[in-house]
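K.L.:
quick one, what's the 3D model for this:
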Amino acid sequence: MKQVLEGVKILDLSRVLAGPYAAQNLADLGADVLKIEAPWGDDTRGWGPPFTTGFDGEDVAAYFLSCNRGKTIIRMNLKQDGKKIRDLVAQADVVLENFRPGTFDRLVGELPDDTILCSISGYGATGPRSSEPGYDLSLQARSGIMSITGEEGRPPVKVGVAWIDVITGLHATSAILAALLYRERTGKSQRIDISLWDCAISALVNQAQNKLASGKEPQPMGSAHPNLVPYRAFEASDGWFVLAVGSDAQWQQMVEILEIDCQESWSTNSGRVKDRIEVERALFKIFKNGTRRHWENVLEGIPCAPVNTIGQALCDMQSVARDAVWSVEGVQTLANPLRGMSLTPATPGQISETSFDLNI
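P.N.:
Sure, this is the predicted structure:
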């Protein structure tokens with residue numbers, strides 16, 4: 001079976017997470033990805049512990065393995081090996097880079113007319129912050145997401161993964177796929193300018209829209225939801241679980257199951273949001289008298305789940321059934337959610353030889 005992106009050549013000049021994550025997505029879909037690292041390697045090779053054996057047999061940080069699967073990796077000095085880099089650029093369908101704006105043009109110069117360029121940066125190629133560096137944590141702070149993450153009255157909290165980098169990598173993947181389709185239809189290439197900042201602001205979705213609509217600043221609410229009640233974590237007798245009531249019908253079903261004596265106004269979500277404290281207090285009182293498994297069984301059909309550890313999630317029967325963990329070159333790594341479309345690298349789990357001509 002032909003792979004989705006078979007024959008597409010991606011030159012990955014990016015480092016750390018957003019760019020490498022996008023390039024890994026394309027490799028998983030069958031593209032030939034050649035990653036060029038500086039002579040000292042990608043920064044994330046040293047972002048440990050933990051360290052483990054990598055795809056090339058070298059010991060690297062686990063962080064590096066999370067976004068560099070399925071690639072051929074070589075090292076070059078971009079300043080000293082400029083001609084070689086330009087020769088590789090000429091072979092590529094897509095070049096992905098995350099230098100500061102303007103750096104790529106100085107190093108490489110003009111691109112072939114049919115080459116797609118995806119540039120990822122902290123703040124984009126234009127605007128007053130375009131020259132500023134942008135790591136995920138600084139963007140989480142400046143974008144506002146940290147102002148609504150965590151418990152009320154407590155210090156600001158970041159999302160537990162590099163949330164903005166991952167979102168940016170996904171947007172870059174979509175943009176590159178769209179540009180490939182556009183080139184196929186028109187013969188014209190694209191220069192894609194993606195920033196962590198733009199992606200972060202866009203990903204604020206309902207919270208930013210709430211601000212635009214009401215004029216009020218969203219506040220941290222722990223696990224609770226600004227627009228839905230009950231929609232948060234509750235404490236059972238053996239730990240925490242979440243209840244996610246997303247409709248009035250689900251609420252009514254739960255009321256009948258739990259035999260809750262409640263006010264008529266609580267039959268609508270707006271009424272429950274208005275009386276949030278009373279609604280949640282009543283449910284906390286009920287849920288402390290049973291285990292998480294008990295409430296999952298009792299509330300079957302109503303969205304709820306235990307607050308798992310990462311290890312518990314990886315071992316969940318659904319993760320096992322859906323092959324959520326791959327083995328590539330003997331290394332365990334998280335599978336691509338689009339694995340149903342891809343033969344790479346689920347079986348046989350080997351990284352293919354690159355079709356780039358490296359004898360340059």
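
K.L.:
where does the prediction get shaky in this protein?
P.N.:
1-2, 342-352 (pLDDT under 70).

K.L.:
okay, strands next: where are they in it?
P.N.:
9-12, 32-37, 51-53, 59-61, 71-75, 94-97, 116-121, 191-195, 231-236, 239-244, 304-306, 325-328, 331-334 (DSSP state E).

K.L.:
and the end-to-end length of stretch 267-283?
P.N.:
Start-to-end span of stretch 267-283 (CA to CA, to the nearest Å) is 15 Å.

K.L.:
contact partners of it?
P.N.:
224, 227-230, 232, 234, 243, 247-248, 251-252, 260, 262-263, 265-266 (CB atoms under 8 Å, 6 or more residues apart in numbering). Where you see a C-beta, it was placed from the backbone N, CA and C, and this is true even at glycine.

K.L.:
apply 6 Å and report the result again.
P.N.:
Under the contact criterion CB atoms under 6 Å, 6 or more residues apart in numbering, stretch 267-283 has outside partners 229-230, 234, 248, 265-266.

K.L.:
now the helix ranked longest in the chain against strand 116-121, angle please.
P.N.:
Looking across the chain with DSSP state H, the single longest helix is helix 163-186. Helix 163-186 and strand 116-121 are oriented at 160 degrees to each other (axes from the mean of the first three to the mean of the last three CA atoms, to 10 degrees).

K.L.:
from the middle of its chain, how far away would helix 163-186 be?
P.N.:
Remark: helix 163-186 is offset 14 Å from the chain centroid, using CA atoms, centre = their mean, to the nearest Å.

K.L.:
for that helix, buried residues please.
P.N.:
Of the residues in helix 163-186, 163-173, 175-177, 179-180, 183 count as buried by neighbour count, 16 or more other CB atoms under 10 Å.

K.L.:
dump it to CSV, restricted to CA.
P.N.:
Below are the C-alpha coordinates for helix 163-186, written out as CSV (Å, rounded to 0.1, in the frame of the first residue of the first chain):
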residue,chain,number,x,y,z
TRP,A,163,1.2,23.2,25.1
ILE,A,164,1.9,26.1,22.7
ASP,A,165,4.7,24.2,20.9
VAL,A,166,2.5,21.2,20.3
ILE,A,167,-0.4,23.3,19.0
THR,A,168,2.0,25.2,16.8
GLY,A,169,3.4,22.0,15.4
LEU,A,170,-0.1,20.8,14.6
HIS,A,171,-0.9,24.1,12.8
ALA,A,172,2.4,23.8,10.9
THR,A,173,1.5,20.3,9.8
SER,A,174,-1.9,21.4,8.5
ALA,A,175,-0.4,24.4,6.7
ILE,A,176,2.2,22.2,5.0
LEU,A,177,-0.3,19.7,3.9
ALA,A,178,-2.5,22.5,2.5
ALA,A,179,0.5,24.0,0.7
LEU,A,180,1.3,20.7,-0.9
LEU,A,181,-2.2,20.3,-2.1
TYR,A,182,-2.2,23.9,-3.5
ARG,A,183,1.1,23.3,-5.3
GLU,A,184,-0.3,20.1,-6.8
ARG,A,185,-3.3,22.0,-8.1
THR,A,186,-1.6,25.3,-9.2
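
K.L.:
packing partners of it?
P.N.:
When contacts are defined as 3 or more CB pairs under 6 Å, 6 or more residues apart in numbering; DSSP states H and E, helix 163-186 sits against helix 18-28, strand 116-121, helix 136-143, strand 191-195, helix 196-202.

K.L.:
need these in TSV (columns: mean neighbour count and distance to residue 130).
P.N.:
Shown next, in TSV, are those (neighbours: other CB atoms under 10 Å; distance: least, CB to CB, whole Å):
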stretch	mean neighbour count	distance to residue 130
helix 18-28	27	16
strand 116-121	26	7
helix 136-143	19	14
strand 191-195	20	9
helix 196-202	20	10
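
K.L.:
got the ones you listed as TSV, with distance to residue 238 columns?
P.N.:
Below are these laid out as TSV (distance: least, CB to CB, whole Å):
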stretch	distance to residue 238
helix 18-28	36
strand 116-121	44
helix 136-143	32
strand 191-195	44
helix 196-202	37
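
K.L.:
so which of the ones you listed is nearest residue 336?
P.N.:
helix 18-28 (4.0 Å; CB to CB).

K.L.:
quick one: which of the helices and strands packed on helix 163-186 is nearest residue 289?
P.N.:
helix 136-143 (37.8 Å).

K.L.:
can you show me the CA trace of that closest one as PDB?
P.N.:
Only the C-alpha atoms of helix 136-143 are listed here, as PDB (Å, rounded to 0.1, in the frame of the first residue of the first chain):
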ATOM      1  CA  ASP A 136       6.800  27.800  25.400                       C
ATOM      2  CA  LEU A 137       6.900  29.000  29.000                       C
ATOM      3  CA  SER A 138       7.400  32.600  28.200                       C
ATOM      4  CA  LEU A 139       4.600  32.400  25.600                       C
ATOM      5  CA  GLN A 140       2.300  30.700  28.100                       C
ATOM      6  CA  ALA A 141       2.900  33.600  30.500                       C
ATOM      7  CA  ARG A 142       2.500  36.400  27.900                       C
ATOM      8  CA  SER A 143      -0.500  34.900  26.100                       C
END
